[in-house]
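Asks: sharing a sequence plus its predicted fold:
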Amino acid sequence: MIGDLLRLDGRTVVVAGAGGGGIGTAVCAAAAELGANVVGLDVDRAALADAEAAVADTGAAAPFRGVVADVRVKDEVDAAVADAVAAFGSVDGLVHVVGGQRPRHWQPADDFPLADLDEVLDLNLRSALLTSQAAARAMTTAGQGGSIVHIASVAAFFAAPFSLAYSAAKAALISLTRTTAAEWGPRNIRVNAVATGTIRTPHSRGNDAADQARDAVLALRRRGTPRELAGAVMFLLSDLAGFVTGQTLTVDGGSTIRPSYLGPDDVPVFMEDGDLRRRLLQQ
């Protein structure tokens, strides 16, 4: 049955960046619903409580296992993956959610501090490499392969003024995804990425006017939810995507298909013929 290919029964999925009630937490809950043993990593022990509660709410049979780890530190990553193997016998999936940037990292390229560049690359790229390496070693030792999914961003595809480090890191993450997929494919380890658009999380900020302006550039006219993003991740983790590797699945509500020359009404801004505009806008 096609539905059986989506199940993750008996598999162990490690989620790096599990806490806080956002994307990582939604991924934990979705994986648990599909039968996986879920090991959540987060640098903040209190944040892991959100993931534990989300998994408990699903009624999943397997308990959530939370591990405090800074995924920018190799020893801590290796220890966390070893803990998952010791607890459940294997690591079959990794979802790397950790990333982002702080407000102070929004700066002009002219004077972008190298220290800030290093900080953003460590959080978004170094951490992804470290978790991937540790998971791939565990999968190789077990001899059964597995699936690795990175959370990237549509920022990787565009010019991103004043966000040099973050967009460069996400573009590099997609390259890392492709390279490791090519190298690890012979071991039956699939590596893919999900490029997200704007997702409404507990950390999202804004007001009604800002939300309307943000939504206007999306084909669906709304922001996504962590649950919707988790659905794409589950596809890539599961056997439904058994022949998919080295790919980036864009989950962005249509932001990347909307050209910059469209106005708020979806009519090209250079179209000056009033009669034609009115005809196109008739419902």
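Replies: Sure thing, it's come through.
Asks: could you give the number of residues near residue 18?
Replies: Using other CB atoms under 10 Å, residue 18 is surrounded by 32 other residues. C-beta coordinates here come from the backbone N, C-alpha and C atoms, glycine included.
Asks: if you skip the residues just before and after it, what's nearest to residue 216?
Replies: Nearest residue to residue 216 in three dimensions, chain neighbours excluded: residue 264, at 5.2 Å (CB to CB, 6 or more residues apart in numbering).
Asks: wait, that neighbour sits on residue 215?
Replies: No. Using CB atoms under 8 Å as the test, residue 264 is too far from residue 215 to be in contact (10.5 Å).
Asks: by mean pLDDT, flag the weakest helix or strand of the protein.
Replies: helix 208-215 (a mean of 65; mean pLDDT, DSSP states H and E).
Asks: quick one: name whatever helix or strand follows that helix.
Replies: Once the chain leaves helix 208-215, the next helix or strand it forms, by DSSP states H and E, is helix 226-237.
Asks: name the helices or strands packed onto that following helix?
Replies: Contacts defined by 3 or more CB pairs under 8 Å, 6 or more residues apart in numbering; DSSP states H and E place helix 226-237 against helix 23-33, strand 93-96, strand 146-153, strand 189-196, strand 248-251.
Asks: give me the number of residues near residue 270?
Replies: Residue 270: 7 neighbours (other CB under 10 Å).
Asks: check the secondary structure at it for me.
Replies: Following DSSP: H, G, I helix; E, B strand; the rest coil, the label given to residue 270 is coil.
Asks: quick check: it vs residue 257, distance?
Replies: Computed as CB to CB, to the nearest Å, the residue 270 to residue 257 distance reads 19 Å.
Asks: returning to what we had before: look at residue 264 and residue 215 and report which has more neighbours.
Replies: residue 215 (14 against 10).
Asks: quick one: the more buried one and residue 197 touch, right?
Replies: No. Checked against CB under 8 Å, the pair residue 215 and residue 197 is beyond contact range at 10.9 Å.
Asks: common neighbours of those two, please.
Replies: Shared contacts of residue 215 and residue 197 (CB atoms under 8 Å, 6 or more residues apart in numbering): residue 223.
Asks: for residue 38, which three-state class applies?
Replies: strand.
Asks: and for the one 3 residues further on?
Replies: Each residue gets one of three states, and residue 41 gets strand by three-state DSSP.
Asks: now it: how far from residue 264?
Replies: 42 Å.
Asks: cool, and residue 143?
Replies: The gap separating residue 143 from residue 264 is 55 Å, by CB to CB.
Asks: confidence score at the residue nearest to residue 216?
Replies: What the model reports as pLDDT for residue 264 is 76.
Asks: can you tell me how far it is from residue 90?
Replies: In terms of CB to CB, residue 264 sits 51 Å off from residue 90.
Asks: also residue 259?
Replies: Taking CB to CB, one finds residue 259 at 46 Å from residue 90.
Asks: tell me which of these two has more neighbours.
Replies: Neighbour count, other CB under 10 Å: between residue 259 and residue 90, residue 90 has more, with 18 against 7.
Asks: one step back: tabulate the helices and strands packed on helix 226-237 (TSV), appending mean neighbour count and distance to residue 170.
Replies: Output for the helices and strands packed on helix 226-237, formatted as TSV (neighbours: other CB atoms under 10 Å; distance: least, CB to CB, whole Å):
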stretch	mean neighbour count	distance to residue 170
helix 23-33	27	14
strand 93-96	30	12
strand 146-153	28	4
strand 189-196	25	8
strand 248-251	18	10
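Asks: need these in CSV with mean pLDDT and distance to residue 179, can you?
Replies: Converted to CSV, the helices and strands packed on helix 226-237 look like this (pLDDT from 0 to 100; distance: least, CB to CB, whole Å):
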stretch, mean pLDDT, distance to residue 179
helix 23-33, 97, 23
strand 93-96, 98, 15
strand 146-153, 98, 12
strand 189-196, 97, 9
strand 248-251, 96, 13
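Asks: show me where the stretch 1-150 of the chain has its helices.
Replies: Ranges of helices in the stretch 1-150 of the chain, per DSSP state H, counting those that start in this stretch, are 23-33, 45-57, 74-88, 114-121, 127-142.
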